[in-house]
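J.: With the input below, show me the fold.
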Amino acid sequence: MKLKSSLTCLFIFAGFAANAQTVTLDYYFNHEVHKSANGQPERFHYLWDETDNNGFKIFGEAFTSKGAKLDTLGVAPTLNNLKGSSVYIIVDPDTKKESPRPNYIQEDDIENISAWVKKGGVLLMMANDSVNVELPHFNNLAAKFGMHFNNDLQNHVVDDAHFEDGAIYVKNNPVLKTAGKVFMKDACSIRLSGAAIPVLKNKEGAVIIASTKYGKGTVIAVGDPWLYNEYVNGRLPAGYENDKAANDIAGWLLKQAKK
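T.: Numbers count the residues shown, from 1 in each chain. From the prediction side, this is the model:
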């Protein structure tokens with residue numbers, strides 16, 4: 001009986017692992033390369049396993065702590081290679097300054113991504129200030145969902161003595177349920193149309209985070225890649241809760257995907 005019980009538990013746990021939600025991070029539209037310490041080309045910036053300031057190690061752990069699996073997609077998205085993903089994240093698509101041959105978002109990509117969302121996928125789009133992100137093609141995708149990343153600079157922070165210029169106070173937020181004060185600097189605002197709604201505005205009233213339903217799926221857009229290691233809570237002064245925000249965002253995305 002003990003053996004039978006043990007095998008039953010093993011099968012149950014295996015079933016849970018097989019049914020774990022998969023969070024896929026784009027490595028195709030964002031594919032920045034620099035020279036490593038030994039002078040060889042090295043992929044960097046917004047990687048799941050990157051532990052320095054540039055990485056998404058902590059954000060990734062917010063998903064895995066909730067039972068999700070992490071994956072990456074280093075080729076153009078299609079319905080076939082997205083079908084196993086619950087959440088798909090596109091962060092800071094490359095400019096020519098960041099990559100000699102950037103992979104711009106094309107019409108086929110937009111059709112594949114939007115079809116995947118329509119079937120129930122959850123898409124997170126994270127932009128940046130216009131100097132550091134390829135907005136024209138990214139906006140072609142955003143437009144499919146009633147959103148547009150503006151060519152502006154919100155929450156500009158000059159130096160570490162002016163952290164408060166990047167502060168956003170959060171209250172009764174449907175996505176950021178536990179974070180009360182977050183930091184997001186040098187972001188772009190988001191213009192909305194159709195069914196898209198604001199999720200978070202800064203002190204000036206500009207929309208910084210927005211979301212919409214699309215078919216059976218959900219899209220959320222943020223004006224900055226703000227949840228990389230440096231600001232969760234790598235070097236933020238006391239009182240900022242980007243670490244809580246990372247957990248809030250991860251939990252909300254996974255919850256939308258379950259629906």
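J.: And the strands in the stretch 1-150 of the chain, which stretches?
T.: 22-26, 33-35, 41-43, 69-73, 87-91, 122-126, 147-149 (DSSP state E, counting those that start in this stretch).
J.: contacting residues around the nearest residue to M125 once chain neighbours are set aside?
T.: In this structure, M125 finds its nearest non-sequential neighbour in A221, 4.5 Å apart by C-beta to C-beta, 6 or more residues apart in numbering. C-beta coordinates here come from the backbone N, C-alpha and C atoms, glycine included. By C-beta atoms under 8 Å, 6 or more residues apart in numbering, the residues touching A221 are L124, M125, M126, A127, A142, F145, M147, F149, I190, I209, A210, S211.
J.: Redo the residues you listed as a markdown table? Include pLDDT and distance to W226.
T.: As requested, the contacts of A221 are exported to a markdown table (pLDDT from 0 to 100; distance: C-beta to C-beta, whole Å):
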| residue | pLDDT | distance to W226 |
| --- | --- | --- |
| L124 | 98 | 12 |
| M125 | 98 | 13 |
| M126 | 98 | 8 |
| A127 | 97 | 10 |
| A142 | 98 | 17 |
| F145 | 98 | 20 |
| M147 | 98 | 17 |
| F149 | 98 | 14 |
| I190 | 98 | 13 |
| I209 | 98 | 9 |
| A210 | 98 | 14 |
| S211 | 98 | 16 |
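J.: thinking again about what came up before, can you tell me which of the strands of the stretch 1-150 of the chain is most buried?
T.: Stretch with highest mean neighbour count among the strands of the stretch 1-150 of the chain: strand 122-126 (a mean of 26; mean count of other C-beta atoms under 10 Å).
J.: That one - which strands sit beside it in the sheet, and in what orientation?
T.: Here strand 122-126 has these sheet partners by DSSP bridges: strand 87-91 (parallel), strand 217-222 (parallel).
J.: Name the residues that touch the first one?
T.: Read it as strand 87-91. Contacts for strand 87-91 (C-beta under 8 Å, 6+ apart): 21-26, 29-30, 46, 56, 63, 68, 73, 77, 82, 113, 116, 121-126, 138, 141, 225, 253-254, 257.
J.: now the angle from it to strand 22-26?
T.: 20 degrees (axes from the mean of the first three to the mean of the last three C-alpha atoms, to 10 degrees).
J.: Pull the distance from strand 87-91 to the chain's centre.
T.: Here strand 87-91 is found 5 Å from its chain centre; the criterion is C-alpha atoms, centre = their mean, to the nearest Å.
J.: Average pLDDT for that strand, rounded please.
T.: Averaging pLDDT along strand 87-91 gives 98.
J.: Tell me the predicted confidence for the closest residue to L82 other than its chain neighbours.
T.: Nearest residue to L82, sequence neighbours excluded (C-beta to C-beta, 6+ apart): W116, at 4.5 Å. As predicted, W116 sits at a pLDDT of 98.
J.: Same check on N132?
T.: 86.
J.: and it, how many neighbours does it have?
T.: 17 (other C-beta atoms under 10 Å).
J.: K258 now?
T.: Neighbours of K258 under the rule other C-beta under 10 Å: 9.
J.: need the contact list for it.
T.: Neighbouring residues of K258 by C-beta under 8 Å, 6+ apart: Q21, S86.
J.: and what of F183?
T.: Contacts of F183 (C-beta under 8 Å, 6+ apart): F163, G166, A167, I168, W226, Y231, L236, Y240, N242.
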